[in-house]
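Trainee: coords please:
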Amino acid sequence: MSDKIDVAVIVGSLRKASFNRKAALELARLAPEDMALRIVEIGDLPHYDEDKETDSPPAAWTAFREAIVPADALLFVTPEYNRSVPGVLKNAIDVGSRPYGSSVWMGKPAAVMTVSPGALGGFGANHHLRQMLVFQDTPILQQPEAYVGNAGKLFDDEGRLKDGKTEDFFRSFIEAFRKLIERAGGA
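Mentor: Prediction:
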């Protein structure tokens, strides 16, 4: 058993070279040494359909839920689509929240970063996701808020942050998240 804080990272973009995946990997690189961030993939989750919530739900749902359960905390890094979260992320939230009363999200400290090529940095998605997490009784990092805009200019060809100020912000964000996890009893 690892003595590191296990953080399940949910990336709301399916693109391999997405800015959000790059941001998640940079957060993992900049995280305190006692944190282990691991991406839990959501692209293969069948759409949530309560009729399939039987004694034998889809294997992908079960595997996803089992990947989230042992996590001490949750980190969501997502783009904004139409002023909200991408459908694939909403589906993952729904899959993890069921069956009713057995949500894998409940009580786990969480942080939200939205990353966008636009100037607003995914403000709408950030707040819609927070609303969903409040319903899941998930304590959420309030400060610093993380709306990362102009993402097309932030990363080099290897996916690393190019700017020291942005790297400092990412580091302060993940360190603040670490403190929330500690306050919530997850460390």
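
Trainee: which element is the spatially most central residue of the chain on?
Mentor: Geometric centre of the chain, nearest residue: residue 76, 1.4 Å, by Cα atoms, centre = their mean. Using DSSP states H and E, residue 76 sits within strand 73-78.

Trainee: next: residue 63.
Mentor: Per DSSP H and E: helix 59-68 holds residue 63.

Trainee: next one: residue 124
Mentor: Take DSSP H and E as the rule and residue 124 turns out to sit in helix 123-135.

Trainee: just the CA coordinates for that helix, please, in CSV.
Mentor: Taking C-alpha atoms only, helix 123-135 is exported to CSV below (Å, rounded to 0.1, in the frame of the first residue of the first chain):
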residue,chain,number,x,y,z
PHE,A,123,-15.8,29.5,-16.7
GLY,A,124,-19.2,28.0,-17.5
ALA,A,125,-18.0,24.4,-17.4
ASN,A,126,-16.2,25.0,-14.2
HIS,A,127,-19.3,26.2,-12.4
HIS,A,128,-21.6,23.6,-13.9
LEU,A,129,-19.2,20.9,-12.8
ARG,A,130,-19.0,22.4,-9.3
GLN,A,131,-22.8,22.3,-9.1
MET,A,132,-22.8,18.6,-10.0
LEU,A,133,-20.1,17.9,-7.4
VAL,A,134,-22.0,19.8,-4.6
PHE,A,135,-24.9,17.5,-5.2
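
Trainee: next, the angle strand 73-78 makes with it.
Mentor: With axes from the mean of the first three to the mean of the last three Cα atoms, to 10 degrees defining the directions, helix 123-135 sits at 150 degrees from strand 73-78.

Trainee: and helix 123-135, which residues are buried?
Mentor: 123, 124, 125, 126, 127, 128, 129, 130, 132, 133 (16 or more other Cβ atoms under 10 Å). (Glycine included, C-beta is placed from N, CA and C.)
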